[in-house]
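*Asks:* I would like the atomic coordinates for the input below:
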Amino acid sequence: MYNTEINEIAGSLSVEYFPSINFLFWMTQEAALSHKYDIWESFEVRSMTVQDFYKNTLKNIASYGDVLSIGWTMDAGEEFFAEEFLEN
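*Replies:* Below is the predicted model of the structure:
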């Protein structure tokens with residue numbers, strides 16, 4: 001999900017790793033679309049290749065010390081530091 005107003009991937013404050021931002025990702029377009037309501041309604045669902053995700057997105061998130069959440073649902077998901085994925 002992409003927030004065009006700030007030109008950035010959708011995120012929320014991390015509950016587990018506060019004060020970092022938790023960037024949100026889904027494995028399917030349908031799962032992402034199910035979150036397009038309320039404050040998320042104007043956001044765009046965008047897809048990226050796995051290669052672009054690792055090469056660009058993870059490196060950017062890691063450079064700020066933020067986390068990512070995969071399979072995020074209703075304010076909850078598995079949170080990981082981006083560095084954990086880059087190390088593997």
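*Asks:* any figure for the gap between the one residue sitting closest to the centre of the chain and Gly11?
*Replies:* In the chain, the centroid-proximal residue (CA atoms, centre = their mean) is Leu24; its distance is 2.3 Å. Plainly put, Leu24 is 6 Å away from Gly11 if you go by CB to CB, to the nearest Å. In this view, the C-beta of every residue, glycine as well, is placed from N, C-alpha and C.
*Asks:* element containing the residue nearest to the centre of the chain, please.
*Replies:* In this assignment (DSSP states H and E), Leu24 forms part of strand 21-25.
*Asks:* so for the next helix or strand after that strand, mean pLDDT?
*Replies:* Counting by DSSP H and E, the element after strand 21-25 in chain order, helix or strand, is helix 29-33. Helix 29-33 carries an average pLDDT of 89.
*Asks:* quick one: contacts of helix 29-33?
*Replies:* For helix 29-33, contacts defined as CB atoms under 8 Å, 6 or more residues apart in numbering pick out Met1, Trp26, Val45, Ser47, Gly71, Thr73.
*Asks:* I'd guessed the fifth one sits against Leu24; true?
*Replies:* No. Applying CB atoms under 8 Å as the test, Gly71 and Leu24 come out as separate, 9.4 Å apart.
*Asks:* what about the strands in this protein?
*Replies:* 2-3, 8-9, 11-13, 21-25, 67-73, 76-81 (DSSP state E).
*Asks:* buried residues of the third one, list them for me.
*Replies:* Neighbour-count burial for strand 11-13, counted by 16 or more other CB atoms under 10 Å, picks out Gly11.
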